[in-house]
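Q: no sequence on this one, just coordinates:
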């Protein structure tokens, strides 16, 4: 009876240059288990990883066909070489000048006089940047240093596409055939010799074309891009197909992408973070932490920041390149970073853009993207800060664009409303030191929230020295109302909301809230702009009802019903990215202005379950879990006779986005349904509300 050997059966394939580094050094056969081979695991040592020049591909039908073509071309080239050597021995000296047959796709030394024969693809070190002479995407390190299991989690869309990406790599230009594209460990003559893993490599005869310059907004890839790392090329593809359409402003970066290294680094940074955060997660905190704590793609961000700092120090760098890179890095902070990092990049973009001549710019929409980001930043400031509403010479020009105009007005209305809500409880309070209500509020926030940013702003004296009066508030409300009137008059008929009454499903009903009549627009962008207009009207109406007895709070309720119909009629499952003004932010603001509980019940019982059932990405989970907890707290307090008018979170500005879902202190400001003001602190545990569902 045979006894089964305890030694594992090794593969029959003899690989001379494959396997992990440890097995190759010890001259052992490696089973190439990822991320660590079994031999290293049994010996209790950390697997050293695999040789970078190896690019594996699943043997699918496409791969088999590509391998067949590759082998046919290689054998044809070998036969041609044998025939050429035989002719040299027997024929005349002119026999060596014969032209290579045009059906030869790959040869050992293609003639420069044969343009019909495609140039051979260099044997490129696809996973290492050691031999690169600072190409388009040459980085000091790559993302392939992470385990393959982590890659499959972080890059769910890239892993299955890597085979296709390799196929789409184009042949180099004739002038670049002699570049250093081989590993330094390989000798010069033998570097181009096909290895014994040729069946896993993909021929350039593949019909798949993934870099069409006609369809790409980035323009035709440069030579360095054509032979770039597979993962980085996939990031460029992802940026072109998924990131650019999600940017609020239509931008084409073809010139910057081809000419600027710092801009290309910013493209990789934004695309990597966007791709990492595209994974749909289960509704639990550990999955969220797993995605948010995985900092593998931040190497691109670090490289982009260093490159941008270097280019800023050079006087010959175009302002367009710097502004474009700073804009993309700010978008990166919007999706994966912090409020502190967002403001830093936005401040740098302000400094760069203020010196640009936008009239002569090849990217006129870059001005619009800058202004939209500038207005978005205002929502991240503490309302009592005097610097929360900066003014520059471009504000007047922004009113010529409807999207910029409504965002400018709304940001100022938000600042006025939230400042009034915060300072109301300090006007007649002598228990807190300070010469103005704004200073008292700033001092109180330092004592109860103890955030570093609040202490820093208070030490700088960044607060208002004068109190808000009824005359000042009503005067500003009149000014904002005139701007809103002018904005609404400029709308076309196709930009106005259309009531949905064509079917029973157009009216949303539920057991806990009143029926909602929905509205539709031509697209979500129009709906968002009109929603900003309605919320501005609601905020002004709410302020007037406080200081003008002739204005009733019922007017605010009427505006709110239309806003609720627009929110419920929007395609809320469509991603909103690269902006602070997402639908969840607007929902939380409308709830503060509503007098009845119908809005909160509709959001909690209809809209939030709709989101949770669809599955959320990491940014969406942070936003909507926080929104759900806020709405539930607002509803509980409203049923107790207390109307919450504004909230301040106690999370530090430089904290990771997921920290807002952990138990933390929050400050709340409100009134007793219009009969006196109060302020309080309470503990917010967002995931506790999710666990109750």
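A: That came through fine. Computed from a predicted structure; not experimentally measured.

Q: residues in contact with residue 530?
A: Neighbouring residues of residue 530 by C-beta atoms under 8 Å, 6 or more residues apart in numbering: 495-497, 521, 566. For glycine as for every other residue, the C-beta is placed from the backbone atoms N, C-alpha and C.

Q: how near is it to residue 573?
A: Separation of residue 530 from residue 573 (C-beta to C-beta, to the nearest Å): 19 Å.

Q: for the contacts of residue 530, give me CSV that also has pLDDT and secondary structure.
A: Supplementary listing: the contacts of residue 530 in CSV, determined by pLDDT from 0 to 100; DSSP: H, G, I helix; E, B strand; the rest coil:
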residue, pLDDT, secondary structure
495, 91, helix
496, 93, coil
497, 93, coil
521, 92, coil
566, 94, helix
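
Q: any low-confidence regions in the protein?
A: In the predicted model, the chain carries pLDDT under 70 at residues 1-18, 50-64, 66, 91-230, 254, 297, 315-317, 689-693.

Q: what residue is smack in the middle of it?
A: Residue closest to the average C-alpha location in the chain (C-alpha atoms, centre = their mean): residue 274, at 3.8 Å.

Q: find the nearest non-adjacent residue to residue 46, please.
A: Spatially, and ignoring its direct neighbours in sequence, residue 46 is nearest to residue 40 (6.9 Å; C-beta to C-beta, 6 or more residues apart in numbering).

Q: just residue 491 next, same as before
A: residue 402 (7.5 Å).

Q: wait, doesn't that neighbour sit right on residue 490?
A: Yes - if you go by C-beta atoms under 8 Å, residue 402 and residue 490 touch, sitting 6.3 Å apart.

Q: higher neighbour count, those two?
A: Between residue 402 and residue 490, counted using other C-beta atoms under 10 Å, residue 402 has the larger neighbour count: 17 against 10.

Q: now that one: how far from residue 629?
A: Going from residue 402 to residue 629 by C-beta to C-beta gives 34 Å.

Q: by residue count, which helix of this protein is the longest?
A: Assignment by DSSP state H gives helix 61-90 as the longest helix of the chain.

Q: chain center to it, what's the gap?
A: In terms of C-alpha atoms, centre = their mean, to the nearest Å, the centre of helix 61-90 is found 46 Å from the chain centre.

Q: about what we covered before: contacting residues around the residue nearest to residue 491?
A: Contacts for residue 402 were tallied using C-beta under 8 Å, 6+ apart; they are 487, 490-491, 529.

Q: same thing with residue 544?
A: Residues in contact with residue 544 (C-beta under 8 Å, 6+ apart) are 474, 477, 551.

Q: closest to residue 26 out of those?
A: Residue 26 lies nearest to residue 477 out of the contacts of residue 544, by C-beta to C-beta, at 78.8 Å.

Q: how many neighbouring residues does that closest one have?
A: By the criterion of other C-beta under 10 Å, residue 477 has 22 neighbours.

Q: in the helix or strand hosting it, what counts as buried?
A: Residue 477 is part of helix 470-489 when elements are defined by DSSP states H and E. Going by neighbour count (16 or more other C-beta atoms under 10 Å), the buried part of helix 470-489 is 473-474, 476-477, 480-481, 483-484, 487.

Q: ok, of the contacts of residue 402, which one's closest to residue 608?
A: The shortest approach to residue 608 among these belongs to residue 529, at 23.9 Å (C-beta to C-beta).

Q: wasn't the closest one part of a helix?
A: Yes - the assignment for residue 529 by DSSP: H, G, I helix; E, B strand; the rest coil puts it in a helix.

Q: all helices of the stretch 501-650 of the chain, in order?
A: In the stretch 501-650 of the chain, the helices defined using DSSP state H, counting those that start in this stretch lie at 524-547, 554-569, 583-593, 598-602, 608-614, 618-639.

Q: now do the first one against helix 554-569, angle only.
A: Taking axes from the mean of the first three to the mean of the last three C-alpha atoms, to 10 degrees, one finds that helix 524-547 is oriented at 160 degrees with respect to helix 554-569.
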